[in-house]
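**Student:** pasting the sequence and the predicted coordinates here, then a few questions.
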Amino acid sequence: MPIFNPPLIGDGHGIYRIHIVGNSGSGKSTLGAYLSTKLNVPHIPLDEIFWKPGWQTTQANEFNEKLSALMAQNTRGWIVDGDYQAVGTLVLDNATDIIWLDPPLRYYLPRLLWRTFMRILGFHSPCAQGCEQTWGDAFSKEGIIWYCLTNHAIQRTKYTAWLSRMSTQAGGKMVRLDESRGELARWKDDLEEHLRTV
């Protein structure tokens, strides 16, 4: 018996526009790549649009124009991972499904540390082209580790509020998954079963 029934809502005609949110290191890009393969729709990581080489940022209007164009050209659906303030509600309003990855910090922080270490050594691709990490960058107050530590509670508060308005259990389009409790694995199992039957 599926626990997540259905695991994805879509538009009722086989089109899935999915927004994956969660803190840095929570597994958004990994899930986005997995869903892209399963659903045969493009994965759009917001980091790759926002960051220019040398860690230069993209202005809000340019950011939104690029993202809007990518979403519009992929009429069969898309998977966007990330949530930047500059985007506003563009992705939120157009998504058929929102997936919040919410494992405990103690669960995913070691994974983020390992990924950062591998990026510094050049064994893992950067989050965006031309945005290599150094030891000083990674562990500074502007770096990814500090961001993760200081934003865990902030993002949990934000997405808890989203969930209270949009939970699938209340007829909405948002689901919360805690990987540490096996929820992500069960959700994937339910998704693969669902895809076999449609």
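**Tutor:** Yep, that arrived. Remember, it's a predicted structure, so these values are computed and weren't measured experimentally. Numbering: from 1, shown residues only.

**Student:** how far away is residue 174 from residue 160?
**Tutor:** From residue 174 across to residue 160, the span is 11 Å (Cβ to Cβ, to the nearest Å). Where C-beta positions appear, they are placed from N, C-alpha and C, glycine not excepted.

**Student:** the two: who's more crowded?
**Tutor:** residue 174 (23 against 12; other Cβ atoms under 10 Å).

**Student:** who does that one form a beta bridge with?
**Tutor:** With DSSP bridges as the criterion, residue 174 is bridged to residue 98, residue 167.

**Student:** pretty sure it is in contact with residue 164, am I right?
**Tutor:** No - if you go by Cβ atoms under 8 Å, residue 174 and residue 164 don't touch, sitting 9.5 Å apart.

**Student:** local confidence estimate at residue 197?
**Tutor:** Listed pLDDT for residue 197 reads 84.

**Student:** if I look at it, how far off is residue 34?
**Tutor:** In this view, residue 197 and residue 34 are 19 Å apart by Cβ to Cβ.

**Student:** repeat that for residue 103.
**Tutor:** Look at residue 103 and residue 34: by Cβ to Cβ, they are 16 Å apart.

**Student:** out of the two, which sits in the busier spot?
**Tutor:** A direct count of neighbours by other Cβ under 10 Å for residue 103 and residue 34 places residue 103 higher, at 21 against 16.
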